[in-house]
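Chemist: mind folding the following:
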Amino acid sequence: MVQNAAARLVTGTRRRDHIKPVLRQLHWLPVHQRIKFKLAVLIYKSLYGLAPKYLFEDCELVAAADRRQLRSLDIATFVVPRTYTHLGDRAFPVAGPRLWNSLLSNLRQSDLTLHQFRRALKT
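Modeler: Below you'll find the model as predicted:
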């Protein structure tokens with residue numbers, strides 16, 4: 001509701017007009033998708049050393065976990081810790097790797113810059 005009100009304020013749209021075309025015009029993501037976008041960018045930054053060290057320490061790569069050698073090790077995937085509560089599923093060490101692993105493999109490639117990753121993720 002706050003995002004819709006802000007979009008109406010910025011564009012001068014009336015309350016009765018549909019808000020979805022206005023959000024698209026402003027290139028604003030809905031709040032739920034914006035949260036996922038921010039989380040994926042944080043994981044990307046922590047993976048490539050652009051974020052604080054404590055964020056990367058919370059996430060463990062499958063290749064570094066001394067597990068089975070898989071053909072998919074060339075694409076960075078994270079180990080998702082097991083949780084027993086809904087609140088635990090929302091913690092960064094669980095939600096971040098789960099979201100990263102669910103991204104398309106072309107988004108998880110190491111040859112993308114941060115700008116390219118953000119653009120590809122948003123579209």
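
Chemist: report the longest helix in this structure, please.
Modeler: In terms of residue count, the longest helix belonging to the chain (DSSP state H) is helix 31-47.

Chemist: how far does it sit from its chain's centre?
Modeler: 3 Å (Cα atoms, centre = their mean, to the nearest Å).

Chemist: for it, give me every contacting residue.
Modeler: Helix 31-47 is contacted by residues 3, 28-29, 50-52, 55-56, 59, 76, 78, 92, 95-97, 99-100, 103, 114, 117-118, 121-122 when judged by Cβ atoms under 8 Å, 6 or more residues apart in numbering. To be clear about C-beta, it is placed using only N, CA and C from the backbone, and glycine gets the same treatment.

Chemist: which of those residues count as buried?
Modeler: Neighbour counting by 16 or more other Cβ atoms under 10 Å classes 28-29, 55-56, 59, 76, 78, 95-97, 99-100, 103, 117, 121 among those as buried.

Chemist: sitting in strands, which of these do you find?
Modeler: Applying DSSP state E to these, the entries found in strands are Phe78.

Chemist: related to what we said a few turns ago, next, the buried residues of the longest helix of the chain.
Modeler: 39-47.

Chemist: do you know the pLDDT at the residue nearest to Phe117 when sequence neighbours are not counted?
Modeler: Distance criterion Cβ to Cβ, 6 or more residues apart in numbering; nearest residue to Phe117, sequence neighbours excluded, is Tyr44 at 5.4 Å. Looking at Tyr44, its pLDDT is 90.

Chemist: can you check Lys38 too?
Modeler: Looking at Lys38, its pLDDT is 93.

Chemist: and what of Leu70?
Modeler: So, for Leu70, pLDDT stands at 60.
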